[in-house]
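Asker: build me a model from this:
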Amino acid sequence: MQALTTLWRAVFSDEPFSASRNFLICAIFYLVFGMLFGMIASILLSYPDLIHGIPQLAFGRIRPAHINTILIGWLSMGYVSCMFYIVPVLSGRKNLWSERLGNITLFFWNLTVILGVWSIMNGYTEGREYAELNGPFDWLVLSALLLVGVNVYMSVFTGTEKKWYVSLWYFMGALFWFPIVYVVGNRAFVQFTGLNDAIAGWFYGHNILGMWFTVGGVGILYYLLPRFSGNPLYSHTLSMIGFWTIGMFYAPTGTHHILQSPVPEWLKAIAVISSVFLLIPVLTVQVNFFMTLKGKWHLMADHIPMRFAMAAGLAYLLTCIQGPFQATRSINWYLHFSNWVVGHAHLALLATFTFIVFAASYFIIPKITGRKIYSRSLAIWHFWLSFIGWILMVFSLTIAGLIQAAGWHFTLPYDQWVMEMVPYFLARTVSGFLLLSGQILYMLNIYKTVFSKSAEPLPESPTGIAYV
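Answerer: I've put the predicted structure just below:
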């Protein structure tokens with residue numbers, strides 16, 4: 001009975017910033033389980049006969065369960081947590097427009113993730129990349145996104161600050177664009193056949209990264225880096241050029257995933273050209289990031305959240321060099337169906353966007369709770385296990401992809417080159433072990449900070465350097 005009472009109070013809480021805190025706590029839970037699913041999938045690549053008689057743990061089910069737990073459970077909920085803290089602060093409000101609505105949204109989001117992932121593990125799926133959730137769950141995800149959008153937009157419109165900082169533009173853009181992308185890409189709303197289905201599927205598959213994770217993540221970093229460094233943002237003009245050019249060039253890029261299919265040539269050309277033009281917003285973001293930190297790089301020696309932010313910035317630079325490069329026709333033809341692309345996806349979703357949420361959480365949780373992070377040592381271990389883990393994963397997948405591509409290109413018999421990939425798949429499993437270990441320490445650290453009665457009071461630290 002007490003547990004039900006606690007749940008009821010949490011769902012209908014109107015405590016300031018409670019929705020941000022609760023979204024992050026739930027997101028970390030899904031992070032650990034999502035990485036556990038990924039770890040199982042990685043082991044099955046090396047030892048495919050290891051698990052017998054448990055269809056829910058077959059590779060074809062555990063991989064999409066891993067993807068959806070991470071994308072919808074961890075990253076999306078982590079982004080919403082950051083928005084629910086940053087938007088009121090930048091809007092001049094004491095809290096979110098409706099903390100109660102935020103917590104109710106969280107309740108239904110949790111139901112969606114738990115039931116949706118369980119349905120995927122039981123074979124109830126659309127079978128499309130990043131869009132495996134079936135009909136009812138698509139409606140729940142869209143409803144949750146719209147509720148988050150209402151809360152964010154109303155917080156901005158009812159705030160006292162009328163000159164919007166660039167992060168607000170990015171958050172509002174993400175919450176405007178992504179529901180549209182979600183409707184087009186999921187078959188609960190729009191039905192296509194044949195090649196049109198593939199075009200719509202990759203419009204969604206690539207724009208969940210571009211219009212949601214990239215736009216939202218850049219908005220979070222634009223808030224964090226001036227806070228961490230104590231410097232003003234280098235150029236508001238550059239940030240707005242980046243915002244509008246992302247909106248202009250990202251939308252048509254999805255077709256570069258199906259350049260080898262008989263889709264219209266003009267659509268392929270637009271996809272490739274738009275992919276290359278993405279260098280414009282990427283350069284605006286990178287120049288702004290690094291110039292904002294001018295003269296403050298030394299802070300990374302002690303500033304743990306800044307370490308995560310700068311690792312994310314480095315990964316973002318590498319991701320966005322790779323992206324236009326591998327979207328061109330000749331290189332795409334050579335690399336596209338190999339593990340190179342899997343490494344590229346992890347460089348974006350793990351090394352960039354996940355590290356952005358890590359950086360934000362180590363800054364935001366102390367602000368909300370009024371407590372210093374429970375253990376600095378755990379935070380340092382979390383950083384190095386995660387940092388070394390993503391480097392090992394991305395490099396092992398990249399090399400495995402080059403071996404695959406060369407084997408196909410030179411028409412070598414499959415059994416002659418597939419064995420060459422074994423050590424790199426094992427390295428991927430080792431990287432998964434490092435990453436999962438780091439996230440368990442992260443979960444322990446954040447949960448202890450929030451729930452422990454012996455946590456240290458928050459010291460004065462405008463840049464957040466003393467929070468960890």
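Asker: so what does the longest helix anywhere in the chain touch, helix or strand wise?
Answerer: Using DSSP state H to define each element, the chain has its longest helix at helix 376-409. Judged by 3 or more Cβ pairs under 8 Å, 6 or more residues apart in numbering; DSSP states H and E, helix 376-409 is in contact with helix 304-327, helix 329-335, helix 339-346, helix 355-369, helix 414-417, helix 422-451. Every residue, glycine included, has its C-beta placed from N, CA and C.
Asker: weakest of those by average pLDDT?
Answerer: Lowest mean pLDDT within these: helix 414-417, at a mean of 85.
Asker: quick one: closest of the helices and strands packed on helix 376-409 to L378.
Answerer: Closest approach to L378 among the helices and strands packed on helix 376-409 is made by helix 422-451 (4.2 Å; Cβ to Cβ).
Asker: what residues of the closest one count as buried?
Answerer: 424-429, 431-446, 448-450 (16 or more other Cβ atoms under 10 Å).
Asker: before we move on, what about stretch 53-65?
Answerer: By neighbour count on 16+ other Cβ under 10 Å, the buried set for stretch 53-65 is 57-58, 61-65.
Asker: and it, how far apart are its ends?
Answerer: Terminal residues of stretch 53-65 are spaced 18 Å apart (Cα to Cα, to the nearest Å).
Asker: I would like the residues contacting that stretch, please.
Answerer: Here stretch 53-65 makes contact (Cβ atoms under 8 Å, 6 or more residues apart in numbering) with 37-38, 40-41, 44-45, 48, 51, 117, 120-123, 125, 132.
Asker: just the buried ones from those?
Answerer: 37-38, 40-41, 44-45, 51, 117, 120-121, 125, 132.
Asker: mind listing which of those residues are in helices?
Answerer: Among the buried ones among the contacts of stretch 53-65, DSSP H puts 37-38, 40-41, 44-45, 117, 120-121 in helices.
Asker: check the residues you listed and tell me the two furthest apart.
Answerer: That would be L45 and V117, which, of those, are the farthest apart (Cβ to Cβ) at 20.3 Å.
Asker: pLDDT wise, what is L4 at?
Answerer: For L4, the predicted pLDDT is 56.
Asker: residue contacts, L279?
Answerer: 320, 324.
Asker: repeat for the one 3 residues further on
Answerer: Under the criterion of Cβ under 8 Å, 6+ apart, the contact list for V282 reads 316-317, 320.
Asker: show me which positions of the helix or strand where it lies end up buried.
Answerer: Assessed by DSSP states H and E, V282 sits inside helix 279-292. The neighbour-count check on helix 279-292 (16+ other Cβ under 10 Å) flags 279-286, 288-289, 292 as buried.
Asker: help me confirm that M393 comes into contact with S431.
Answerer: Yes: when contacts are counted by Cβ atoms under 8 Å, M393 is listed as touching S431 (3.8 Å).
Asker: how about CSV for the buried ones among the contacts of stretch 53-65, with distance to S76 and pLDDT added?
Answerer: Formatted as CSV, these follow (distance: Cβ to Cβ, whole Å; pLDDT from 0 to 100):
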residue, distance to S76, pLDDT
F37, 16, 97
G38, 17, 96
I40, 22, 95
A41, 20, 95
L44, 26, 93
L45, 26, 89
I51, 29, 88
V117, 13, 96
I120, 16, 96
M121, 19, 95
T125, 18, 90
E132, 15, 92
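Asker: out of these, which is nearest to G102?
Answerer: V117 (22.3 Å).
Asker: now the closest one: how far from Y124?
Answerer: 11 Å (Cβ to Cβ, to the nearest Å).
Asker: what does M421 give?
Answerer: For M421, the distance to Y124 (Cβ to Cβ) stands at 32 Å.
Asker: related to what we said a few turns ago, mind giving me a markdown table with the helices and strands packed on helix 376-409 and columns for distance to L458?
Answerer: Listed next are those as a markdown table, based on distance: least, Cβ to Cβ, whole Å:
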| stretch | distance to L458 |
| --- | --- |
| helix 304-327 | 14 |
| helix 329-335 | 48 |
| helix 339-346 | 34 |
| helix 355-369 | 5 |
| helix 414-417 | 55 |
| helix 422-451 | 10 |
